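Asks: Here's a sequence, model it:
(2 chains)
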Protein chains: 2
Amino acid sequence: MTLKDVSANKIFGGWNIQKSHTSEVLGCDMRFAVYLPPQASKDNKVPALYWLSGLTCTDENFMHKAGAQRMAAELGIAIIAPDTSPRGDDVPNDEAYDLGQGAGFYVNATQEPWNKHFHMYDYITQELPTLIEANFPVSGLKSISGHSMGGHGALTIALRNPDMFKSVSAFAPISNPTNCPWGKKAFTAYLGDDQNTWAAHDTVELIKKAEKHIPAKVDQGAADNFLAAQLGIDALIETAKACGYPMEINIHEGYDHSYFFMASFIEEHLKFHAKHLSV
Amino acid sequence: MTLKDVSANKIFGGWNIQKSHTSEVLGCDMRFAVYLPPQASKDNKVPALYWLSGLTCTDENFMHKAGAQRMAAELGIAIIAPDTSPRGDDVPNDEAYDLGQGAGFYVNATQEPWNKHFHMYDYITQELPTLIEANFPVSGLKSISGHSMGGHGALTIALRNPDMFKSVSAFAPISNPTNCPWGKKAFTAYLGDDQNTWAAHDTVELIKKAEKHIPAKVDQGAADNFLAAQLGIDALIETAKACGYPMEINIHEGYDHSYFFMASFIEEHLKFHAKHLSV
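Replies: Next comes the predicted model:
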């Protein structure tokens, strides 16, 4: 696999790098961003935090707005930020912001017209980490985090792959997509009407069946406009408690769904993951 | 003067607020952003750092990308981020990114068609601080900083108004606009062909005549694409030294002109200003 240079900017002594590549899994060209902390070198491979963004985002939003590089540099953790869906003129799309390009929902679509390209689950769990570990000075130790749709992605992917990640965290995740408008719309389009297929991509449902637990942390703003209708935090709290899943969930008064919220608490998430990555 | 609410987001325990108002000086509606740290209240007015952004920016870029709120919250400093020019359908513009809307250069234009609206010097030094101090819990103690065109704005405004600001800083400022393409183009358009009028808005020229010195700090990336042609850092270093102006100038290997550079060093700037604002 060939990587093309897109950009490289020095920040906090490390490098914020964008590359593009032709994805076999997604059948299109994809761009991703990597933050390499100053400690990373051929002789000193560092652990990595995979970051999954929310609806409408690309690989750039988190790297530009969350202020994560400061603490990643201090802790010596790389950050890997993929795009949120396949992209391009040949890739199906929808006029709505919550379906199609920018809204991959981290599943493998089985339904037309999405099933040719929309395989974000395989991209995040297989193709991307293989690519990253072959081309960057990362050790293979991984944790995963994300926001909103990406919080859903991080939690569901970690719950399905507990041996792949040391820890998982999320900001304002779509915790119970089988029971909210965003999730029902996306899962119907990508996975079809048979709701039995949906549970495999629903955090609340996956917690109920989880045999192996990994450390998990969730932060949620109490002033989040999407809290009541879309995010399902109550179901997450109740299910984690009922099932004894070790999930630290904090509700923050006054904070909303924006990057201003994430910027305020990203340091805590990075320190949480660093502890479990044994940095 | 009436302020209209635009947005309010909690971040690091304080509030990132956008308001709009009808500017008398600029003859159009203007939006600005304020970060109020958690310490700010009616009974505890805080000092303020005015931030002037660069070409093409609005009031948002710095607040979204620089990560300044974290340290501003810790130090108890408000940040005031105005737009970079008058805006609107009735305001003259130019197709180029470096003239007209988004490129006010912090001067009072004397030439047609710019002279009706482009009075950013008066807006920053008079109308905006009056508005801010009447409507927000700030003490009146002020420092000023900025990037590129905004670094030019911060330095020239502070040098012309040394009693108004306790300290000044800049990232990659256009230090000698009378001798670079950006400056010559803008000053010709806004101030006319008589170059005698330009020196009053040129940092290098103002340092030569400065009677009162205030603490100043400048950071510059050595890998900045605009360094050689536009920024005039050598002239700034030589002139500050020759004139004994107390200006701490640091060149940083590998850093470019982007917000990634500013994010890396904004903490140092905030601590520098906090010291001089006697926080």
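Asks: Wait, a helix at residue A:241?
Replies: Yes: under DSSP: H, G, I helix; E, B strand; the rest coil, residue A:241 falls within a helix.
Asks: burial measure for it, as a count.
Replies: Residues near residue A:241, counting by other C-beta atoms under 10 Å in any protein chain shown, number 12. All C-beta spots, glycine's among them, are computed from the backbone N, C-alpha and C.
Asks: Around the residue in the stretch 101-250 of chain A that chain B sits nearest to, count how many other residues there are.
Replies: Going by C-beta to the nearest C-beta, chain B is nearest to residue A:223 of the stretch 101-250 of chain A, at 7.1 Å. For residue A:223, the neighbour count with other C-beta under 10 Å is 15.
Asks: how about the strands in chain A?
Replies: Shown for chain A, the strands assigned by DSSP state E span residues A:4-11, A:14-23, A:28-36, A:46-52, A:78-82, A:138-147, A:168-171, A:216-221, A:247-252.
Asks: Distance from the last one to the middle of the chain?
Replies: Strand A:247-252 has its average C-alpha position 18 Å from the chain's average C-alpha position, going by C-alpha atoms, centre = their mean, to the nearest Å.
Asks: What angle do strand A:216-221 and that strand make with each other?
Replies: 10 degrees (axes from the mean of the first three to the mean of the last three C-alpha atoms, to 10 degrees).
Asks: Chain B contacts on the stretch 51-200 of chain A?
Replies: A:64-65, A:67, A:69-70 (C-beta under 8 Å from any C-beta of the partner chain).
Asks: export the strands of chain A to TSV and tack on mean pLDDT and distance to residue B:88?
Replies: TSV is the format used below for the strands of chain A (pLDDT from 0 to 100; distance: least, C-beta to C-beta, whole Å):
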stretch	mean pLDDT	distance to residue B:88
strand A:4-11	98	33
strand A:14-23	98	34
strand A:28-36	98	35
strand A:46-52	98	38
strand A:78-82	98	36
strand A:138-147	98	34
strand A:168-171	98	36
strand A:216-221	98	34
strand A:247-252	98	37
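Asks: Quickly compare these and say which is most buried.
Replies: strand A:168-171 (a mean of 30; mean count of other C-beta atoms under 10 Å in any protein chain shown).
Asks: Give me the distance between it and the centre of its chain.
Replies: Between the centre of strand A:168-171 and the centre of its host chain there is 8 Å, according to C-alpha atoms, centre = their mean.
Asks: do the same with stretch A:185-198
Replies: That offset, for stretch A:185-198, works out to 20 Å (C-alpha atoms, centre = their mean).
Asks: Let me have the strands of chain A in JSON lines, adding distance to residue B:21 as columns.
Replies: Supplementary listing: the strands of chain A in JSON lines, determined by distance: least, C-beta to C-beta, whole Å:
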{"stretch": "strand A:4-11", "distance to residue B:21": "34"}
{"stretch": "strand A:14-23", "distance to residue B:21": "36"}
{"stretch": "strand A:28-36", "distance to residue B:21": "37"}
{"stretch": "strand A:46-52", "distance to residue B:21": "38"}
{"stretch": "strand A:78-82", "distance to residue B:21": "37"}
{"stretch": "strand A:138-147", "distance to residue B:21": "33"}
{"stretch": "strand A:168-171", "distance to residue B:21": "33"}
{"stretch": "strand A:216-221", "distance to residue B:21": "28"}
{"stretch": "strand A:247-252", "distance to residue B:21": "31"}
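Asks: so which of those comes closest to residue B:25?
Replies: With C-beta to C-beta as the criterion, residue B:25 lies closest to strand A:4-11 of the strands of chain A, at 36.2 Å.
Asks: Can I get the residues of the stretch 51-200 of chain A next to chain B in JSON lines including pLDDT and neighbour count?
Replies: Formatted as JSON lines, these follow (pLDDT from 0 to 100; neighbours: other C-beta atoms under 10 Å in any protein chain shown):
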{"residue": "A:64", "pLDDT": "98", "neighbour count": "19"}
{"residue": "A:65", "pLDDT": "98", "neighbour count": "19"}
{"residue": "A:67", "pLDDT": "98", "neighbour count": "27"}
{"residue": "A:69", "pLDDT": "98", "neighbour count": "27"}
{"residue": "A:70", "pLDDT": "98", "neighbour count": "20"}
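Asks: And residue A:248, how close does it get to residue B:103?
Replies: 48 Å (C-beta to C-beta, to the nearest Å).
Asks: pLDDT score for the residue nearest to the residue of the stretch 101-250 of chain A closest to chain B when sequence neighbours are not counted?
Replies: Counting by C-beta to C-beta, 6 or more residues apart in numbering or on different chains, residue A:256 is the residue found nearest to residue A:223 once chain neighbours are left out, at 4.9 Å. The per-residue pLDDT reported for residue A:256 equals 98.
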